[in-house]
Structure formats: C-alpha cells, structure tokens
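Enquirer: Okay, sequence plus prediction incoming.
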Amino acid sequence: MQRWIAIVVVVLLPAVLRAEEFTGPQKSQQELMAERGYVRYRGGWRTVQEIELIERAERVNLARIEWKARLERLRKRLGEAGQAEQAAEEIREIADPFAVPALSAAVATEAERRVRSLYVEALSRIRSSDATLALATLAVDHADRETRIAAAERLVAIGPGQVMPMIVAGLASPDNARVNRSAEAIRRLAEPPAAEASGAGGAVRPLDPQLLGALIAALQTQHLGLAGDGTPEGSTSATFTPSSGGLSVGGGTKRVNVAVRNDAVLEALVAITGVNFEWDSVGWRAWLASREAPAEYDLRRGM
C-alpha cells in the first residue's frame, strides 16, 4: 500500500506544483476588494467616492449644528447691555450658506419682530438657492405680515426669478388664506416701480401673460365649507378645509363648495396691470388676450 501511495505522489506532485505556479497564492479579501475599487471604512466596504460623500455630508451637518449653537449665543447677546449692537452686526454679516437652516428656524420661532428682521436681512446676504427659497417661504407663509413684507422686499432686491414659480403655485392652494398671501407677495414682487407705471423713465416693463393668467384664475376660488351647522337657512359657514367630498357631518351639516372672492388677488392684478375689471374674470381674460404676448420676457428669469 505504501508503495502505491509513493507512486501516486511521484506522479501527481509535479502537476500540483505546476498548477500552483499557474494560479499563484490565494489572495486575501482585502486584496480582492481593492482590485474592485473598495476600501475598508467603518466596518464595511466602500468606494472612495462613497466615503467622500459620507464625510462631506457629515461636515455639512456639523457646520449646521455649529451655526444653530452660534445663533443661539448671538440671540442671547442681543438682550445683554453692551453686547446687543455688536451681536446685531454679527447677525447682519452672516454670509455662510450653512447658516440657512438655523436662520430659517430662528425666524419661525422668534417672538420679537426686530430680531426677525435681522434674520431676514442675514438670509438676504447669503447668495444661495436655499437662502432665496427660505425668503420666499417667509414671504408667503410667515404668520406676521410685517415679516412677510420684509422677506418680499429682500426678494425684490435680489431678483425673484428663481422662486416666482413657487410663489405663483400658492394661488392654487386649497387654503384660501394662503391664496391671498401668495397674491400679496406676487404684487410686491411684480408691481412695476412708480416711474414705469406712469410711463416715465423709459419703456414700461412687459407683462407676463402666464403670471396674469394664474392671478385671473385665482380671482374667485372654490373652497370646501360647511352648510346647515346652525347658521340661518340657506347660509354657509366660513370654515374652509382642503379635504374633499360631500358627505354629511353630524347634525345634518354638509360639506359644500363655496365660491370666495380673493381681495389680494384683485389688488395684485390692478397694481401690476394698471387696469381694473373688478371680479369679471371674462373681462380680464379678454383684455389679456387682446394684448400682444411678449416675445422674450419671462418673469421667472428675474425682474
């Protein structure tokens, strides 16, 4: 038996050695993954590009956290004697795009109007799409009218082309109050200066037919209201809701569509066009159709 084993070894050993020379030694997992472009990172295998994205996101998040803490310190200093003026100046001079989330959150929760105005001013100094978007959101949705006006005025100075479509989209909101807030913001952004309105100081700015069409469509909007809820017969309540349907509510109350005239929309149309057809949507559309559509001008490209 041993003789046969020896014979097999003698015969097979050269073949085994040749196979090892051909295939070479077995590679480690790290070597195999490296050949595929992966490196070991935090307990897993990642590409270099993935690692760069992870670390960049972490740096951004850290910067935003730091800005939140820094803004809180500045806010505290605004209430300290001898510190308020310097703190206000530091807020005004903020120009870091990473500060936008902290500033946006601060405007939303700040009780004092003068402090909110500082945050709005800081947002207007940050020339990034996020900062401009934050101003547009404030111009439409902030609860304080003066803060909405301040944000809109900053957008006028910057040029509202980037965010105008978003603001115009608010005209289609199921929330009647938001329709009017959107129209008020549009009026401030699109109303021609006094010199243009009077025809002085050069050519009058062309009107945007798409913008005017959206305003005309929003002159009177349908909102879901309540009828038969204890009000006099035939009247409807002023409670509006974005939900749909016509099912009866307890006590015989029914949901009905209520036509609402939007005063801020009419004011925007009159201010922008210089004409007034009041609530006559057909008259407004006929007037718009009679005008020559501008060949190049588009409000979305800026003022």
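Expert: Yep, it's here.
Enquirer: Please make it C-alpha for all contacts and neighbour counts, starting now.
Expert: Fine.
Enquirer: ranges for the strands of the stretch 1-150 of the chain?
Expert: With DSSP state E, counting those that start in this stretch, the ranges of strands along the stretch 1-150 of the chain come out as 38-41, 44-47.
Enquirer: how about the ones you listed in a markdown table, adding mean neighbour count?
Expert: Conversion of the strands of the stretch 1-150 of the chain to a markdown table gives the following (neighbours: other CA atoms under 10 Å):
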| stretch | mean neighbour count |
| --- | --- |
| strand 38-41 | 15 |
| strand 44-47 | 14 |
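Enquirer: can these go into JSON lines with extra columns for mean pLDDT?
Expert: Output for these, formatted as JSON lines (pLDDT from 0 to 100):
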{"stretch": "strand 38-41", "mean pLDDT": "78"}
{"stretch": "strand 44-47", "mean pLDDT": "81"}
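Enquirer: Indicate which one of those is closest to Arg261.
Expert: With CA to CA as the measure, strand 44-47 is the member of the strands of the stretch 1-150 of the chain nearest Arg261 (58.3 Å).
Enquirer: quick one: contacts for Arg188?
Expert: Ala152, Glu153, Val156 (CA atoms under 8 Å, 6 or more residues apart in numbering).
Enquirer: So which of those belong to helices?
Expert: Ala152, Glu153, Val156 (DSSP state H).
Enquirer: these two touch, right, the first one and Ala136?
Expert: Translated: Ala152. Yes. Contact criterion CA atoms under 8 Å: Ala152 and Ala136 qualify, at 7.1 Å.
Enquirer: Just give the number of residues close to Leu62.
Expert: When neighbours are counted by other CA atoms under 10 Å, Leu62 registers 13.
Enquirer: Pull up the gap between the residue nearest to the spatial centre of the chain and Leu123, please.
Expert: Closest to where the C-alpha atoms of the chain average out (CA atoms, centre = their mean) is Leu133, at 4.7 Å. Using CA to CA, to the nearest Å, we find Leu133 at a distance of 10 Å from Leu123.
Enquirer: Also Met33?
Expert: Counting by CA to CA, the gap from Met33 to Leu123 is 46 Å.
Enquirer: Who has more neighbours out of those two?
Expert: The neighbour comparison of Met33 against Leu123 (other CA under 10 Å) goes to Leu123, with 31 against 15.
Enquirer: Leaving out the residues flanking it, which one is nearest to that one?
Expert: Ala131 (5.5 Å; CA to CA, 6 or more residues apart in numbering).
Enquirer: counting contacts, what elements does the longest helix anywhere in the chain pack onto?
Expert: If you go by DSSP H, the chain has its longest helix at helix 48-78. The helices and strands touching helix 48-78, judged by 3 or more CA pairs under 8 Å, 6 or more residues apart in numbering; DSSP states H and E, are strand 38-41, helix 84-92, helix 100-109.
Enquirer: just checking, what packs against the last one?
Expert: This points to helix 100-109. helix 48-78, helix 113-125, helix 129-141.
Enquirer: among these, which is the most enclosed?
Expert: When those are scored by mean count of other CA atoms under 10 Å, the highest mean neighbour count falls to helix 129-141 (a mean of 22).
Enquirer: got the angle between it and helix 113-125?
Expert: With axes from the mean of the first three to the mean of the last three CA atoms, to 10 degrees defining the directions, helix 129-141 sits at 140 degrees from helix 113-125.
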